[in-house]
Structures are given as C-alpha cells and as structure tokens.
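> model this:
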Amino acid sequence: MNKKQSLVACAALIFGIIVCLSLRSQTPIGVYSSGIPGAVTLSTITITGGISTGLSNGLAPTSITAPATTVNWTNPIAANIEVYIDNSGVTGTSIKKNGTQIFSSLIGDVTIGLQPNETINLTYTVGTPSIKWSPR
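Below is the predicted model of the structure:
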C-alpha cells in the first residue's frame, strides 16, 4: 500500500453506502456501495461541515393523509425524515412525538424531524392538517 492510499478514511452510512475522504487534503474521494465487490463508485461528494446521505436528492415532499385525531403516524423509511404540518384553518392541534407531547396548542405550521420508526400523533378539533414528509 502506498502512502497516498493509507491516508484515506471511510465511514459506513445507511443502506450499505460507504463514504471515503482523503485525510491529507480533507477532500472527498467518493461514495461507494459496499454491496458490490470492488466498491463501484456511485458518485462524488462535497463535504462542508459534516456528512449527509444523498437520499433526498431532488425528491419532492410526499403528501400523506393526516391520520385521524390521536392516531400515530410512523416514519415509513429507514432514514431520518422531516414532517411538514400545515395547520392553516385547523384549531386545537397538539402534537406528540413518540408519545411525549411537544406542542400543546399549535398555531401555524411546523416541521418535525423523525428518525426511523419514530411516531407523531396529532390531536385536532376543527379542520384537518395537511401533512407532507421528505428525507433529510
């Protein structure tokens, strides 16, 4: 192994993706699939202040039907997501995350982050919130 090759750090991320970074120049080398022998390059990356997945590349937020009042909604994918709640014309909205109340009387819109298998639960009295989600 030559000196250049030994100065590479790789970190395994979700979905079998590996990100490699040059320790010498702090520049990205590439993103690889760990499931393919020989680590085939999928894309290159730019790292500024941290590492993130490319899962949300251009995906439009997905609309969901708001669950009935007090019914849990669970993050449907194995990645972190953002849930956008449009509370226009809705009154009495309170929100629980994983069973713990985080808002007791919501007025206006809110964005909530959910990790895989986390839940939100909305209680509302008049109107129905509009909800969308997208990967972070």
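
> show me the shaky parts of the protein.
Scanning the chain for pLDDT under 70 picks out 1-58.

> can you give me the helices in it?
In the chain, the helices defined using DSSP state H lie at 3-6.

> outline the domain layout of it.
7-43, 62-135 (automatic domain parsing).

> what about the longest one, start to end distance?
Right, the one you point to is domain 62-135. The stretch domain 62-135 measures 10 Å between its terminal residues, going by CA to CA, to the nearest Å.

> hmm, Pro116 is touching Thr74, no?
No - Pro116 sits out of contact with Thr74 when judged by CB atoms under 8 Å, with a separation of 9.1 Å. For every residue, glycine as well, the C-beta is placed using N, CA and C.

> in contact with Trp133, which residues?
Trp133 makes contact with Pro61, Thr62, Ile64, Asn75, Ile81, Glu82, Val83, Tyr84, Leu114 under the criterion CB atoms under 8 Å, 6 or more residues apart in numbering.

> now Asn117: how far from Thr74?
From Asn117 across to Thr74, the span is 6 Å (CB to CB, to the nearest Å).
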